[in-house]
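**Q** Here is the input, now give the coordinates:
(2 chains)
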Protein chains: 2
Amino acid sequence: MEVRDCLVSAPGKAILHGEHAVVHGKVALAVSLNLRTYLQLKARSDGKVCINLPNIDTFVCWELSELKQLTSFLSDKKEEMQRLDAELVKRLREFIGVTNGNLDSSASAILAFLYIYLSLFGSGDMPSLTVSVWSELPTGAGLGSSAAYSVCLAAAFLCATGNIPTPLKEWEQTGRWCQEDLELINSWAFQGEKIIHGNPSGVDNAVGTWGGMLRFLAGKIIPLSRVPLLRILLTNTKVPRSTKVLVARVKDKINKLPSIMIPVLDSVDAISCTCEKVLTEMTCEPITGDHYNILEELIDINQHHLNVIGVGHPSLDTLCQVTAARGLHSKLTGAGGGGCGITLLRPETDSTTVQGTMKDLRDCGYDCWETSIGGPGDSV
Amino acid sequence: MEVRDCLVSAPGKAILHGEHAVVHGKVALAVSLNLRTYLQLKARSDGKVCINLPNIDTFVCWELSELKQLTSFLSDKKEEMQRLDAELVKRLREFIGVTNGNLDSSASAILAFLYIYLSLFGSGDMPSLTVSVWSELPTGAGLGSSAAYSVCLAAAFLCATGNIPTPLKEWEQTGRWCQEDLELINSWAFQGEKIIHGNPSGVDNAVGTWGGMLRFLAGKIIPLSRVPLLRILLTNTKVPRSTKVLVARVKDKINKLPSIMIPVLDSVDAISCTCEKVLTEMTCEPITGDHYNILEELIDINQHHLNVIGVGHPSLDTLCQVTAARGLHSKLTGAGGGGCGITLLRPETDSTTVQGTMKDLRDCGYDCWETSIGGPGDSV
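**A** Numbers count the residues shown, from 1 in each chain, chains lettered A, B, ... in the order given. This is a model prediction of the structure:
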């Protein structure tokens, strides 16, 4: 079988509002982050299957014959994708030699690749190909880099198998899929996420697939049809943190001071709902400075609330102060306790301000990107 | 009539928690601030009545004969002190030559002095005396300096008339009054506050009279029997602000974003209640580091909430940062938007830390005092 070459991309993810509160039954808003992961699939004719992941210094090739031996472990019910095929995962771990303990990012990326490759091609004619993936996203920063990778893998392989069409007309530069195809991509990407993360929420792959904004409440993910594209700075303080420890810290605080903390979660919930309402308004009426004023106010309030629930960090305080000195508003995004923050840029924020702010933040030792949120999902 | 010399003092006031929220029906905790106002009453034999207020550069003497002419305006029902005698106030304004507009601090202090003097002595033998008042409290900083002044005036004159006893036994250094006497002092001090402020809440004079801590809810003031003495730093950022403007700003924010702001007020209410509970525990069980940890946490959370409701200020952020750098926790007290802040000192906070912090704050251009809250009220 020979596959058609293709280039697909998927965005990263940022939490706009509701991180942590979502664990306690409140609404969270996840948005696509226009730092993208790109995957190029190229057919080969030498009977090899290769993967190049320059971001994590991973370059591996297998003989098709080796991979064919693994197909005997494929479950017959591979159309039923609700659950991960545990037996296949086990065999693949043996195959790549990581039977015990946690996977590093290289091993988990290889495992996800092999799982989706074998699941989609294993029952038929297995193609010789090279997959090369590179990403603008930092890894392990809570920005959905693994989900963007899984979404790209799923989309490229589903195109190659013909399960979904290549939506690109000859005269188009980029294209997207219909709803049904996106759902198929998302399901396979979720399998990849499960391999990499164990118990993912499904938000990251959904954002990577659909783009725009998603409302996430009590495990239910609702893509929101239209949102405006917002310019932001994304800053990585590079302060390492454990999401698990931070989630536990919030829980402890709520248990210790429930009468004080529960209203704060209610207020965060109202912030997410108000933000969703404002963003919806911005798509159906002329965008004014008032819209941006409210978005900025919501960012400031939520940043205070996140400090109250115990997930702030001096590095994030510095981010807020540095950007406030330029009239810009920032909040942490994701787990907090370090990690990443977002800074809203207004349409009228000029490049001198943006460049100056980015320089200030880099002088603090942070990584900083000018990008946007709310852009398209998985594209070819 | 000759009066006995006496020296009385009354403390200032700080809001520990619940400023602004109290306007919206939530609990506030007001505490005595051990920066005191002192009043010395000395008998004279030259038929003059004099007042010396060095803090506001006010030194005035009248002939008793002048003041006696004013007694014809005294209402017969002067025992009924629920309302201010508007006719007397009007005549006194004429007497001191300020018939129009707002009073400056000098004129309002003189007016309060004359009002209480005439009301208490006017129907009998009027004494020749000098009242000298000096204060550790900055004026106009929301720390209850006018109330402390009114409390001192009321206490000294009530002693002099014999309406309340001089509680000092010969061998005692300081003394206090019984509950009934304190209530009488407080009522007269409230008259003084009305003259100075127009429409005071009554909290400041109550704290000046009773000391300790008061719970203030929906206009009702409940003195709390026992509270521990807490060491604090009091900082005056000297940034001028208008309480009226700040109260209006909070109201606007609540009207604009009710679903976000109302839970924040609920959380502030819970902070006040939790703080009251912790302080009560500290008086009836051994004080531990945990008690202080919670008090510090409540201060941090409330400071975030006060920022959320819109009464923060960069000068207060600086106060919090400077003290946080020494491991200390601060919040604004009172109206915010500048003004004063309090910083909790732990029992183990050493003088090097305290002195260093005070130096840092003074280097920011702030005034700073090491003092305590929760101390005694009006004393002789």
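**Q** SS state for A:Leu298?
**A** Classification of A:Leu298 by DSSP: H, G, I helix; E, B strand; the rest coil places it in helix.
**Q** and it, how many residues sit next to it?
**A** A:Leu298 has 23 neighbours, counted by other Cβ atoms under 10 Å in any protein chain shown. In this view, the C-beta of every residue, glycine as well, is placed from N, C-alpha and C.
**Q** Check whether it really touches A:Ser267, as I assumed.
**A** No. Checked against Cβ atoms under 8 Å, the pair A:Leu298 and A:Ser267 is beyond contact range at 10.6 Å.
**Q** Neighbouring strands of the worst-scoring helix or strand of chain A on mean pLDDT in the sheet, and parallel or not?
**A** Here the helix or strand of chain A ranked lowest by mean pLDDT, DSSP states H and E is strand A:220-224, holding a mean of 88. Pairing partners of strand A:220-224, with direction, according to DSSP bridges: strand A:213-217 (antiparallel).
**Q** Give me every residue in chain A that's in contact range of chain B.
**A** A:257, A:259-261, A:263-264, A:266-267, A:270-271, A:273-274, A:297-298, A:300-301, A:304-305, A:307-308 (Cβ under 8 Å from any Cβ of the partner chain).
**Q** Please report the distance of A:Leu306 from A:Ile373.
**A** 18 Å (Cβ to Cβ, to the nearest Å).
**Q** neighbour-wise, which of the two wins?
**A** A:Ile373 (30 against 26).
**Q** For the more buried one, name its beta-bridge partners.
**A** Where A:Ile373 sits in a bridge, its partners, by DSSP bridges, are A:Leu33, A:Leu230.
**Q** who's in contact with it?
**A** A:Ala14, A:Leu16, A:Val31, A:Ser32, A:Leu33, A:Asn34, A:Leu229, A:Leu230, A:Ile232, A:Ile342 (Cβ atoms under 8 Å, 6 or more residues apart in numbering or on different chains).
**Q** try 7 Å this time
**A** A:Ala14, A:Leu16, A:Val31, A:Ser32, A:Leu33, A:Asn34, A:Leu230, A:Ile232 (Cβ atoms under 7 Å, 6 or more residues apart in numbering or on different chains).
**Q** What's the local residue count around the last one?
**A** Meaning A:Ile232. Neighbour tally, A:Ile232, other Cβ under 10 Å: 25.
**Q** Which pLDDT value belongs to it?
**A** Listed pLDDT for A:Ile232 reads 97.
**Q** how would you label it: helix, strand or coil?
**A** strand.
**Q** Does it touch A:Leu344 like I think?
**A** Yes. Here A:Ile232 reaches A:Leu344: they are 5.9 Å apart, a contact under Cβ atoms under 7 Å.
**Q** what are the phi and psi angles of the residue nearest the centre of chain A?
**A** Closest to where the C-alpha atoms of chain A average out (Cα atoms, centre = their mean) is A:Gly144, at 2.4 Å. The phi/psi pair for A:Gly144 (degrees, to the nearest 10) reads phi 70, psi 30.
**Q** if you skip the residues just before and after it, what's nearest to it?
**A** Among residues not flanking A:Gly144 along the chain, A:Lys13 sits closest, at 3.3 Å (Cβ to Cβ, 6 or more residues apart in numbering or on different chains).
**Q** before we move on, which element is that neighbour in?
**A** Assessed by DSSP states H and E, A:Lys13 sits inside strand A:6-17.
**Q** and the angle from that strand to strand A:213-217?
**A** 50 degrees (axes from the mean of the first three to the mean of the last three Cα atoms, to 10 degrees).
**Q** Of the residues of chain A next to chain B, just the buried ones, PyMOL syntax please.
**A** Only the buried entries of the residues of chain A next to chain B go into this PyMOL selection, using 16 or more other Cβ atoms under 10 Å in any protein chain shown:
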select buried, chain A and resi 257+260+261+263+264+266+267+270+271+273+274+297+298+300+301+304+305+307+308
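**Q** Tell me where the stretch 1-150 of chain A has strands.
**A** Along the stretch 1-150 of chain A, the stretches classed as strands by DSSP state E, counting those that start in this stretch are A:6-17, A:28-43, A:48-53, A:58-63, A:129-135.
**Q** from the contacts of A:Ile373, which is closest to B:Ser379?
**A** A:Leu16 (56.3 Å; Cβ to Cβ).
**Q** Could I get the pLDDT score of that closest one?
**A** A:Leu16 is given a pLDDT of 97.
**Q** For chain A, give me the ranges with low pLDDT.
**A** Along chain A, the parts satisfying pLDDT under 70 run over A:1, A:76-82, A:167-174, A:225.
**Q** where do the helices sit along it?
**A** A:64-70, A:86-96, A:105-121, A:145-161, A:179-197, A:203-210, A:243-256, A:258-284, A:289-308, A:314-324, A:351-363 (DSSP state H).
**Q** Could you save those as JSON lines and add columns showing distance to B:Gly202?
**A** Listed next are the helices of chain A as JSON lines, based on distance: least, Cβ to Cβ, whole Å:
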{"stretch": "helix A:64-70", "distance to B:Gly202": "82"}
{"stretch": "helix A:86-96", "distance to B:Gly202": "71"}
{"stretch": "helix A:105-121", "distance to B:Gly202": "65"}
{"stretch": "helix A:145-161", "distance to B:Gly202": "60"}
{"stretch": "helix A:179-197", "distance to B:Gly202": "59"}
{"stretch": "helix A:203-210", "distance to B:Gly202": "53"}
{"stretch": "helix A:243-256", "distance to B:Gly202": "35"}
{"stretch": "helix A:258-284", "distance to B:Gly202": "27"}
{"stretch": "helix A:289-308", "distance to B:Gly202": "32"}
{"stretch": "helix A:314-324", "distance to B:Gly202": "39"}
{"stretch": "helix A:351-363", "distance to B:Gly202": "49"}
